[in-house]
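[1] Build the 3D model from these lines:
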Amino acid sequence: MTARVTAYFSIGMALNSEGSYEDVFEQLTDGLSWSSGWAQSWSPPTKSAIFQARSRLGHEPVRELFRRVARPLADADTPGSWLAGRRLVALDGTCLDLPDTPANAEHFGRPGSSRGEKSAFPQARLVALAECGTHAVFDAAIGPCRTSERELTHDLFDTLEPGMLLLADRGLYGFDMWTRATATGADLLWRVKSTLSPRHLETLDDGSWLAQIIPTSGKNRQQ
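    Residues are numbered from 1 along each chain as shown. Coordinates of the predicted model:
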């Protein structure tokens with residue numbers, strides 16, 4: 001269980017999340033043997049050996065591998081990927097159940113349930129940037145379940161670039177979030193809460209209109 005093999009195994013677990021350690025490793029070794037021209041072979045390790053190998057590897061190599069290779073995949077002809085010459089991307093969040101271990105419970109926490117109890121499993125909050133046409137996730141942030149989506153989103157804006165059109169739901173909108181996202185050069189198409197009262201500036205020929213938004217808190221509010 002070298003670091004390289006363990007990294008492949010971690011990817012395999014994501015691709016076959018319902019499979020056991022043994023199932024994933026059996027599929028992995030077939031691929032590794034093929035990639036070596038059948039010059040090498042691997043004997044299945046024990047569950048304990050796999051667990052220890054994952055502990056040695058840690059999360060950092062897998063995270064850095066993701067940052068190096070994850071990117072939008074659509075070309076000019078990919079359906080659902082473009083609007084007015086802009087690459088359609090979306091930002092959204094979800095929560096993921098994690099193995100019920102003391103370490104996961106301590107770091108990620110357990111959300112409360114409707115009966116005032118704690119969830120059966122620890123949960124991680126995930127916020128991801130994905131390309132709409134291919135569903136390719138090209139950036140993501142993960143934190144404890146008590147961390148808000150808005151807080152995690154701050155780590156993702158640097159991935160945006162001119163030529164992208166970012167879709168987001170109403171829970172993300174805020175003056176600071178909007179201005180930070182527009183500073184990347186990307187265009188934004190976000191829903192907003194009904195309580196937002198933008199100032200009408202001009203009605204355009206197509207029936208849409210230009211508006212001015214202002215901060216509602218902080219030192220520069222109402223400016």
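[2] And the closest residue to Asp97 other than its chain neighbours, which helix or strand is it part of?
    Of all residues not flanking Asp97 in the chain, Phe121 sits nearest, at 4.3 Å (Cβ to Cβ, 6 or more residues apart in numbering). (Each C-beta comes from the backbone N, C-alpha and C, glycine too.) Counting by DSSP states H and E, there is no helix or strand that carries Phe121.
[3] I'd like to know how far Phe121 sits from Asp23.
    In this view, Phe121 and Asp23 are 22 Å apart by Cβ to Cβ, to the nearest Å.
[4] These two: which is more packed in?
    Neighbours per residue (other Cβ atoms under 10 Å) separate Phe121 from Asp23, with Phe121 holding more: 16 against 13.
[5] hang on, isn't that one packed against Arg110?
    Yes - between Phe121 and Arg110 a contact is recorded at 7.2 Å, counting by Cβ atoms under 8 Å.
[6] From Trp42, how far out is the most centrally placed residue in the chain?
    Centroid-nearest residue in the chain, with Cα atoms, centre = their mean: Ala128, separated by 2.2 Å. Separation of Ala128 from Trp42 (Cβ to Cβ): 32 Å.
[7] what's the answer for Thr2, then?
    Distance from Thr2 to Trp42, by Cβ to Cβ: 10 Å.
[8] Give me the more crowded residue out of the two.
    The neighbour comparison of Thr2 against Trp42 (other Cβ under 10 Å) goes to Trp42, with 15 against 10.
[9] That one contacts Val5, doesn't it?
    Yes - counting by Cβ under 8 Å, Trp42 does reach Val5; the two are 7.3 Å apart.
[10] list the residues that contact both of the two?
    Counting by Cβ atoms under 8 Å, 6 or more residues apart in numbering, the shared contacts of Trp42 and Val5 are Leu32.
[11] Secondary structure of Leu167: a strand, I assume?
    Yes - assessed with DSSP: H, G, I helix; E, B strand; the rest coil, Leu167 lies in a strand.
[12] Now it: closest residue in space, sequence neighbours ignored.
    The shortest distance from Leu167 to any non-neighbouring residue, by Cβ to Cβ, 6+ apart, is to Ala90 (4.3 Å).
[13] isn't that neighbour right next to Ala168, touching?
    Yes - judged on Cβ under 8 Å, Ala90 makes contact with Ala168 at a distance of 7.1 Å.
[14] tell me which residues form a beta bridge with Leu83?
    Bridge pairing for Leu83 (DSSP bridges) gives the partners Arg86.
[15] How many neighbouring residues does it have?
    Counted with other Cβ under 10 Å, Leu83 comes out at 13.
[16] And the helices in the chain, which stretches?
    Along the chain, counting by DSSP state H, helices occupy 3-15, 21-35, 47-57, 60-69, 102-108, 149-153, 175-182.
[17] out of the ones you listed, nearest to Trp82?
    helix 175-182 (19.5 Å; Cβ to Cβ).
[18] Give me the average confidence score over that closest one.
    Across helix 175-182, pLDDT averages out at 91.
[19] how about the worst-scoring helix or strand of the chain on mean pLDDT: buried residues?
    Ranking every helix and strand in the chain by mean pLDDT, DSSP states H and E puts helix 21-35 at the bottom, with a mean of 82. Residues of helix 21-35 classed as buried under the neighbour-count rule (16 or more other Cβ atoms under 10 Å) are Tyr21, Val24, Phe25, Leu28, Thr29, Leu32.
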